[in-house]
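>>> Curious how this folds, go ahead:
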Amino acid sequence: MIKIYSMKKCGYCVKLKMLLTKHNIPFNDVDVNLPENKDEFEQIYKVTKCDSLPIITIKKNFLIPGTSFNTIDQAFEIILELLNK
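Numbering: from 1, shown residues only. The predicted structure follows:
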């Protein structure tokens, strides 16, 4: 399962979620601004040391902006590769 840590007003997050939806790829969206997601995002931050969004988890992999990918299109391609493994 894919999990996207995002914010509603994050243009990069919106673009990634639109790409996944367009290609019928299911994902869970975790809005990091919601109080009920605070603890979960803090745990992700401890592991990734990243507060940029979107942070993506897929098959026990973390995709981190600026480290794993530099563009949303690149992130989408990596997701497709991981799904096909």
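
>>> If you count neighbours, what's buried in stretch 56-71?
I56, T57, I58, F62, L63, I64, P65, S68, F69 (16 or more other CB atoms under 10 Å). C-beta coordinates here come from the backbone N, C-alpha and C atoms, glycine included.

>>> The first one sits in which helix or strand?
Right, the one you point to is I56. strand 55-58 (DSSP states H and E).

>>> contact partners of that strand?
Strand 55-58 has contacts (CB atoms under 8 Å, 6 or more residues apart in numbering) with 1-5, 16, 44, 48, 62-65, 75, 79, 82-83.

>>> Can I get the buried ones among the residues you listed as something I can paste into PyMOL?
Buried residues among the contacts of strand 55-58 (16+ other CB under 10 Å), as a PyMOL selection:
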select buried, resi 2+3+4+5+16+44+48+62+63+64+65+75+79
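
>>> Where does pLDDT dip in this structure?
Residues of the chain meeting the criterion pLDDT under 70: none.

>>> any idea which residue sits dead centre in it?
Nearest to the geometric centre of the chain sits I56, at 2.6 Å (CA atoms, centre = their mean).

>>> Tell me what that one is bridged to.
Beta bridges link I56 to I4, L63, judged by DSSP bridges.

>>> so how far is K8 from it?
Distance, I56 to K8, using CB to CB, to the nearest Å: 17 Å.

>>> same thing with F41?
14 Å.

>>> and what of T21?
15 Å.

>>> repeat for L19
Distance from L19 to K8, by CB to CB: 17 Å.

>>> of those two, who's got more company?
L19 (16 against 11; other CB atoms under 10 Å).

>>> coming back round to it: distance check, the residue nearest to the centre of the chain against M7.
14 Å.

>>> Equivalent analysis for D39, please.
For D39 relative to M7 (CB to CB), the value is 17 Å.

>>> So these two - more neighbours on which side?
More neighbours surround M7 than the other of D39 and M7, with 15 against 9 (other CB under 10 Å).

>>> For that one, give me its contacts.
Contact partners of M7, counting by CB under 8 Å, 6+ apart, are C13, D31, V32, N33, L53.

>>> Which member of these is positioned nearest I25?
Lowest distance from I25 to the contacts of M7 (CB to CB) belongs to C13, with 15.0 Å.
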